[in-house]
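Visitor: take a look and give me a structure for this.
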Amino acid sequence: MSTVTASASRSRLGLGARTWAFVKRHSLTVYAFLVVAYLMPMVVHFDLRAVACLPKASLFALSRPASSVLLLFAFVAVLKTTATYPFLALVISVGGWIQLDTWLCLRFFAENEARLRAERIS
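Guide: Okay, the predicted model is just below:
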């Protein structure tokens, strides 16, 4: 085996390990972001303490993948807009994200409550 082949195979193995570490680290970051994205509107909407809503927000982030992906897309859109137009960062982007996050989460909560109500009826 030549040294070029050996170094190429080692770099592939190293890349795989680094890639796996990257995925693990960032999947936890995305999950934490989603929990916080659900937590803020949940605390306001249900008028509970953040500690009481934390398990519910965590469960909501895990059990509603479509809603979570939609929240991520909305956040990426706000992030891309802020990166394109940096002067929007403080006022428009932060306020827009809070408004959009709250609106989406209230819709998700209403949908969840309607689904739970329908399950109780049937």
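
Visitor: please name the nearest non-neighbouring residue to Ala74.
Guide: Leu100 (5.3 Å; CB to CB, 6 or more residues apart in numbering). To be clear about C-beta, it is placed using only N, CA and C from the backbone, and glycine gets the same treatment.

Visitor: neighbours around that neighbour, how many?
Guide: 15 (other CB atoms under 10 Å).

Visitor: go on, Leu70?
Guide: By other CB under 10 Å, 14 other residues sit near Leu70.

Visitor: same check, this time on Phe109
Guide: By other CB under 10 Å, neighbour count at Phe109 equals 17.

Visitor: go ahead and confirm the residue nearest to Ala74 touches Val76.
Guide: No - taking contact to mean CB atoms under 8 Å, the distance of 11.8 Å between Leu100 and Val76 leaves them out of contact.

Visitor: show me what the biggest helix by length in the chain is packed against.
Guide: In the chain, ranked by residue count with DSSP state H as the criterion, the top helix is helix 3-46. Counting contacts by 3 or more CB pairs under 8 Å, 6 or more residues apart in numbering; DSSP states H and E, the secondary-structure elements packed against helix 3-46 are helix 50-63, helix 65-84, helix 94-121.

Visitor: any idea how far the first one is from the chain center?
Guide: Going back to what we said before, that points to helix 50-63. Relative to the chain's own centre, helix 50-63 is displaced by 13 Å; criterion: CA atoms, centre = their mean, to the nearest Å.
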